[in-house]
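Colleague: when you get a sec, could you give me coordinates for this:
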Amino acid sequence: MALLEFLCWRAATLLLLFADVVHGISVHISNEEPTYIMPGSSLVLRAHIEHNSQEELSAVTWERAPESGAPDGRTSLAACPGGSLPLPVQCAGLRPNVRATLEPGASILHLNKYGKSDAGVYSVSVTGKGGQSSTARCIVREYEAVHHVSVSINISHSSLVCGEAWGTEPQFSWLHEQDAVTGSVGHVSPDGATLLITKVPICGHFTCVVSNKLGYSTATYTAAPCEPEGISGATVAIVCLVVLQILGGGLAFLLWRRYRYKNRGDRLRDNMDDNI
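Modeller: Numbers count the residues shown, from 1 in each chain. Model prediction:
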């Protein structure tokens, strides 16, 4: 059933594309995936236009609408004249920070000082003299910093999961006691959000660091304190040496004391024998 629905959807798409070719007009925007723009920077959208020599363009328009789809939020951004004007031509920008151009086979929209209110669905519509038209759309969103990082533990799977609210393009990394996680501590999932802990027992401070182009934020999970490491090798040798020195000193003292009292007793017996 799912395969049949997919085939029907593909067939409908091909039919729409075929209709555009027959009518002689098609347009698509290079930014097919959602585009994220840093606040205060410039947005540039490029639309590729195809039409046959018999179909002359009458108009090219750019618009923006809320991503929610509210019909009353549609805004006209620019209108480009059609006809047989020599290209490129400047389009009429309908907003102070917007300008657009119509070039051979393309139309380019420039928006300066991008702000939160500029987010939405951008569309470009191309209309021919015969009334045929084609429209392309893309989603534009504001690039946002990471927010509200949290770490939770899954005891049954010995893993930690790092979560982040709505930051753009979050990158995850892990620290254990302020050092990068190594294989002796655990393994990080391909997306970086999950840490599978191999260290037994689970102890110490595990910190998740989430970052993007606007900065970073952290969250820490604290387990029981870890036992001091490295109590083998040189440390064990030193401890054993100290213990042996203490035992050896005690044994030497006992032998010396025993020898002293033995000599003292021998001298007392000798003195008694001389007096007799």
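Colleague: quick one: the helices in the stretch 101-250 of the chain, in order.
Modeller: Assigned by DSSP state H, counting those that start in this stretch, the helices in the stretch 101-250 of the chain fall at 234-275.
Colleague: who does the closest residue to Gln90 other than its chain neighbours bridge with?
Modeller: Once flanking residues are discounted, Gln90 sits nearest to Thr101: 5.9 Å by CB to CB, 6 or more residues apart in numbering. Using the backbone N, CA and C atoms, a C-beta is placed for each residue, glycine as well. Using DSSP bridges, the bridge partners assigned to Thr101 are Gln90, Ile108.
Colleague: so who does Thr101 touch?
Modeller: By CB atoms under 8 Å, 6 or more residues apart in numbering, the residues touching Thr101 are 80, 88-91, 107-108.
Colleague: neighbour-wise, which of those leads?
Modeller: Among these, Ser107 has the most neighbours (other CB atoms under 10 Å), with 26 neighbours.
Colleague: these two touch, right, it and Val124?
Modeller: Yes: between Ser107 and Val124 there is a contact at 6.2 Å, judged by CB atoms under 8 Å.
Colleague: any residues in contact with both of those two?
Modeller: 47, 60, 62.
Colleague: check which residues of the helix or strand harbouring the last one are buried.
Modeller: Think Trp62. Using DSSP states H and E, Trp62 sits in strand 57-65. The neighbour-count check on strand 57-65 (16 or more other CB atoms under 10 Å) flags 57-65 as buried.
Colleague: min pLDDT across the residues you listed, which one?
Modeller: Summarising pLDDT for the buried residues of strand 57-65: the lowest-scoring member is Leu57, with 85.
Colleague: surely that residue is in contact with Gln132?
Modeller: No: using CB under 8 Å, Leu57 is not in contact with Gln132, being 10.3 Å away.
Colleague: what sits in contact with each of those two?
Modeller: Common neighbours of Leu57 and Gln132 (CB under 8 Å, 6+ apart) are Ile25.
Colleague: Val146 is in contact with Ser217, correct?
Modeller: Yes: between Ser217 and Val146 a contact is recorded at 4.9 Å, counting by CB under 8 Å.
Colleague: overlap in contacts of the two?
Modeller: 164, 210-211.
Colleague: sitting in strands, which of those residues do you find?
Modeller: The strands, defined by DSSP state E, take in 210-211 from those.
Colleague: from the shared contacts of Ser217 and Val146, pick the one nearest Thr198.
Modeller: Val210 (22.6 Å; CB to CB).
Colleague: and that closest one, how many residues sit next to it?
Modeller: 26.
Colleague: same question for Ala219.
Modeller: 18.
Colleague: just to check, it is in contact with Val151?
Modeller: Yes: the pair Ala219 / Val151 is scored as a contact, 4.6 Å apart, by CB under 8 Å.
Colleague: identify the contacts common to the two.
Modeller: Joint contacts of Ala219 and Val151 (CB under 8 Å, 6+ apart) are 162, 207-208.
Colleague: neighbour-wise, which of those residues leads?
Modeller: These, ranked by neighbours (other CB under 10 Å): first place Cys162, 27 neighbours.
Colleague: now for Ala79: which residues touch it?
Modeller: 59-62, 91-92, 94.
Colleague: I should have written Ser107 there, sorry.
Modeller: Ser107 neighbours (CB under 8 Å, 6+ apart): 46-47, 49, 60, 62, 80, 91, 100-101, 124, 126.
Colleague: just send the residues you listed back as TSV, with distance to His157 too.
Modeller: What follows is those, written out as TSV (distance: CB to CB, whole Å):
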residue	distance to His157
Arg46	46
Ala47	48
Ile49	53
Val60	55
Trp62	50
Cys80	57
Cys91	57
Ala100	53
Thr101	56
Val124	48
Val126	53
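Colleague: shaky segments in this structure?
Modeller: Scanning the chain for pLDDT under 70 picks out the ranges 1-23, 53-55, 84-85, 229-244, 247-276.
Colleague: can you pull the domain assignment for it?
Modeller: What automatic domain parsing lists as the domains of the chain is 23-142, 154-222.
Colleague: quick one, which of those gets closest to Gln245.
Modeller: Short answer: domain 154-222, nearest of the domains of the chain by CB to CB, at 33.1 Å.
Colleague: how far out from the middle of the chain is that closest one?
Modeller: Centre-to-centre, domain 154-222 and its host chain are 12 Å apart (CA atoms, centre = their mean, to the nearest Å).
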